[in-house]
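# have a look at this fold, sequence not included:
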């Protein structure tokens with residue numbers, strides 16, 4: 001592996017409330033997952049963030065989540081699947097429309113927060129939500145959390161996908177993320193995050209909190225954009241990869 005993608009969630013500000021430093025991150029990452037207004041963001045923020053990504057040559061992704069602004073999409077919600085599918089269609093459609101108006105395009109989809117966590121555990125839910133997104137744009141590359149039920153769903157659908165790991169999150173032995181409420185779930189040490197990411201990319205495996213290796217392709221690495229040290233973390237991870245002769249570039253999507 002001599003190239004990997006770096007992605008970050010962004011466009012999560014809302015009205016006068018500013019979330020993260022998207023402009024700085026867009027100088028570091030190669031892909032941007034831009035909020036659709038359900039869990040975060042608004043039309044003005046979406047437009048500004050997409051324009052910045054376009055101008056920086058960064059791949060644009062649609063980032064739908066639960067309609068939960070107060071909980072930032074991190075609270076699990078019990079919603080009928082048909083309703084969730086329609087919510088996905090509306091969010092993805094909004095992203096595609098804004099991108100078209102800005103003379104650019106949406107390349108990929110990544111589910112946000114609790115919605116992503118739930119589909120990591122439930123293949124049928126993942127299949128239904130990805131199918132809804134692809135009904136709007138069949139050319140979307142689906143970003144999936146590596147070695148989870150999401151992978152099974154995209155393989156069943158036969159669509160293009162990219163396998164993602166997280167730079168700043170600890171893993172359970174089943175490849176799911178350690179719950180944020182637990183100690184050590186989020187890694188705040190930028191140097192440690194960089195070292196850990198290099199080890200996983202070189203091994204092509206998730207390294208869990210217990211030290212277990214779970215073999216998986218690694219196409220992209222998520223850098224969270226909403227913390228106070230987000231830019232520092234992103235620079236450290238990119239620097240560690242490049243020092244190890246791993247270049248940064250937008251993923252192409254795989255079919256197997």
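Perfect, thanks for sending it. Not measured: the values here are computed from a predicted model. Numbering: from 1, shown residues only.
# burial count for residue 206?
By other C-beta atoms under 10 Å, 23 other residues sit near residue 206. Heads up, the C-betas are built off the backbone N, CA and C, glycines and all.
# show me the beta-bridge partners of it.
residue 214 (DSSP bridges).
# which residues of the stretch 1-150 of the chain fall in helices?
22-25, 43-56, 81-101, 113-121, 123-136, 149-157 (DSSP state H, counting those that start in this stretch).
# of all the ones you listed, which one comes closest to residue 232?
Among those, helix 22-25 comes nearest to residue 232, with 9.9 Å by C-beta to C-beta.
# which residues touch that closest one?
Here helix 22-25 makes contact (C-beta atoms under 8 Å, 6 or more residues apart in numbering) with 8, 10, 11, 13, 32, 49, 52, 223, 225, 230, 231, 234.
# which of the helices of the stretch 1-150 of the chain sits closest to residue 62?
helix 81-101 (3.7 Å).
# list the buried residues of the closest one.
84-85, 87-92, 94-96, 98-99 (16 or more other C-beta atoms under 10 Å).
# what's the farthest-apart pair in the residues you listed?
84 and 99 (22.6 Å).
# thinking again about what came up before, let me know the closest of the buried residues of helix 81-101 to residue 39.
The closest of the buried residues of helix 81-101, once distances to residue 39 are taken by C-beta to C-beta, is residue 91, at 9.4 Å.
# the closest one touches residue 38, doesn't it?
Yes - if you go by C-beta atoms under 8 Å, residue 91 and residue 38 touch, sitting 5.6 Å apart.
# spit out the residues that contact these two alike.
By C-beta under 8 Å, 6+ apart, the residues touching both residue 91 and residue 38 are 64, 65.
# hang on, the earlier thing: out of the helices of the stretch 1-150 of the chain, flag the one nearest residue 166.
helix 113-121 (10.8 Å).
# sketch out the low-pLDDT regions of the chain for me.
1, 225-228 (pLDDT under 70).
# can you pull up the most central residue in it?
Nearest residue to the geometric centre of the chain (C-alpha atoms, centre = their mean): residue 110, 4.9 Å.
# follow-up on the earlier one: make TSV from the buried residues of helix 81-101 and add distance to residue 165 to it.
Shown next, in TSV, are the buried residues of helix 81-101 (distance: C-beta to C-beta, whole Å):
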residue	distance to residue 165
84	25
85	27
87	27
88	23
89	28
90	29
91	24
92	24
94	28
95	24
96	27
98	28
99	26
